[in-house]
Every structure is written in C-alpha cells, then in structure tokens.
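What follows is a predicted protein model with its sequence.
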Amino acid sequence: MTAAAAAPRKASRKKTSRKKPPLLRRKRQRPAPKAPRRSAAAPPSPGERRRAQAINRRLAKAYPDARCTLDHRSPLELLVATILSAQCTDERVNIVTPELFRKYPTAEHYASAPIADLEESVRSTGFFRNKAKSIRAAATLLVDQHGGQVPETMEELLALPGVARKTANVVLGNAFGQASGVVVDTHVHRVTRRLGLTPEQDPPKIERDMMALLPSREWVQFSHRVIQHGRRICIARKPRCPECVLADLCPSAEL
C-alpha cells in the first residue's frame, strides 16, 4: 500500500453560506404637515384669516359653554389658581383652592403667611416650593404697590413674581374682561400647530400668530374653545380624528 493510499481522506467541507435574516422595514410615518412660515412682520393672508375664523366658528358651535375652568370668585383667587395650574391639572387645582382661599382670603394673608404653611397648603399641585414662594412674593408686591388689589394692566401684572404672559392673559381676560392676548397653554400649543395655524414652538410667537389671525373680540373665547377641544378630542397621544368637527380643515387628521 502506498503512502498516498494509506493517508486517510479528508472529508471535503462544503462552504455553506448563512442566510441573513430579512431586514425588518420600519413603517414609514408621514411627516407632520408644516404650516407656511411667515415672518413676524408679514400679516396673514385673507385666506389664512378666513380659514382660522371658520375653525373658530366650528369650535364655538361645538363648545358653546367653553369658559375658564379654574374656580374663582375674585381676581386674586384667579391669579393664585393660575399660578398653581402650572404643570398641574385644573381639576387638581380646584380640589386644593377651596381650603386655600378660605385660609388666605386677602393678599395681606398670603403676604404674611409662614412659607412652610403655604407650601403645605399647595403641596399636591406639584413644584409647591416655587409656587408658594411666587404667591407670597406676588401678594407682598400687591400689598406694597397696589393696595392689596390685582392690577388691571399687562405691564403691572408681568411685574409680579411668578406671572408670565399666560397668567396675565388669563387674569385680564377672565377677571377683567380685557382681550389683551391669546392664552397659550399646552393644549393651545398642540392644537394650533396640528391645525396648521402656526409653525411656531415658542408660546409668545404662537400667541402673536393667533392674534393676527383672529379679531380681538374672539381672543379670550378662542383659547377656552381650543383648550376644551384639546382635552376632549385632539388629545396628545392619540387624537380622536373621526370624532373631530375640524377633520376636513386639519392637515394633521389621521396622522
């Protein structure tokens, strides 16, 4: 037997190519429609105004009783409730305020309140230390500069600690009947952008756009209607587009 014959045969291995698992294709999502951008100086077109006013009319019909949902009996109570509503639901604020308003009926009572007691009274609204500090500081300024009364001008309200344009607009529009601007809360921010009424992210710029689109007599009620619509239909996670009275006017419907 030759050496070649004696050597064991090596089994030939066939190279098998491993099949790669099929790539899972991600379902493409349609990008959210963008409203046409215009500069701060450029006024809206007549068509944009007509569309915004048509939206407002439908909302007025859908929510005829829309109003401020923060319970209050005076400008001071509304000011305090609005400060508490930051990062908190109106429902929670309305649970807290009856006892709070009973305990602190005037600006003088808030201004002289021990901060620990005030913090405890508003604890369940969240961020209670900052809110208590703002309320007491605002009340102190009201006592020192306004005779304990809530002022009726945007400039004076904005000078109060804890008060920005949203709070000032709420107080002026609902306590004093002044249409000083459009309240832009989380619902107004979301719904107006979905409707293509504004491309902006910054609340003051959204307010500017809404004020340009609508007559001043509608500013206060428009905010209330949009807030109601945002709570009931155009909710954040999954809007109820099939139930929406604005579906045919909304570029974001069924996204």
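Happy to help now that I have it. As the structure is a computational prediction, the values presented were derived from the model and not from experiment.

tally of neighbours for Ala54?
For Ala54, the number of neighbouring residues by other CB atoms under 10 Å comes to 12. To be clear about C-beta, it is placed using only N, CA and C from the backbone, and glycine gets the same treatment.

May I have the phi/psi pair for it?
phi -70, psi -40 (degrees, to the nearest 10).

what about the closest residue in space to it that isn't next to it in sequence, distance to Arg58?
Excluding the flanking residues, the one nearest Ala54 by CB to CB, 6 or more residues apart in numbering is Leu249, at 6.6 Å. Here the criterion is CB to CB, to the nearest Å. By it, Leu249 lies 8 Å from Arg58.

Whatever helix or strand Pro204 lives in: how far from the chain's middle?
Assigned by DSSP states H and E, Pro204 belongs to helix 203-213. Centroid displacement of helix 203-213 relative to its chain, using CA atoms, centre = their mean, to the nearest Å, is 14 Å.

again with stretch 159-168
Taking mean C-alpha positions (CA atoms, centre = their mean), stretch 159-168 and its chain are 16 Å apart.

Helices along the protein, start to end?
With helices called from DSSP state H, the chain shows them at 3-6, 46-62, 75-84, 90-103, 107-112, 115-122, 128-146, 154-158, 165-175, 186-194, 203-213, 219-232.

Deepest in the core, which of these is it.
Compared across the helices of the chain, helix 75-84 shows the largest average neighbour count, a mean of 24 (mean count of other CB atoms under 10 Å).

ok, Pro98 to Leu142 distance?
21 Å.

can you check Ala175 too?
Separation of Ala175 from Leu142 (CB to CB): 14 Å.

which neighbours do those two share?
Common neighbours of Ala175 and Leu142, using CB atoms under 8 Å, 6 or more residues apart in numbering, are Val150.
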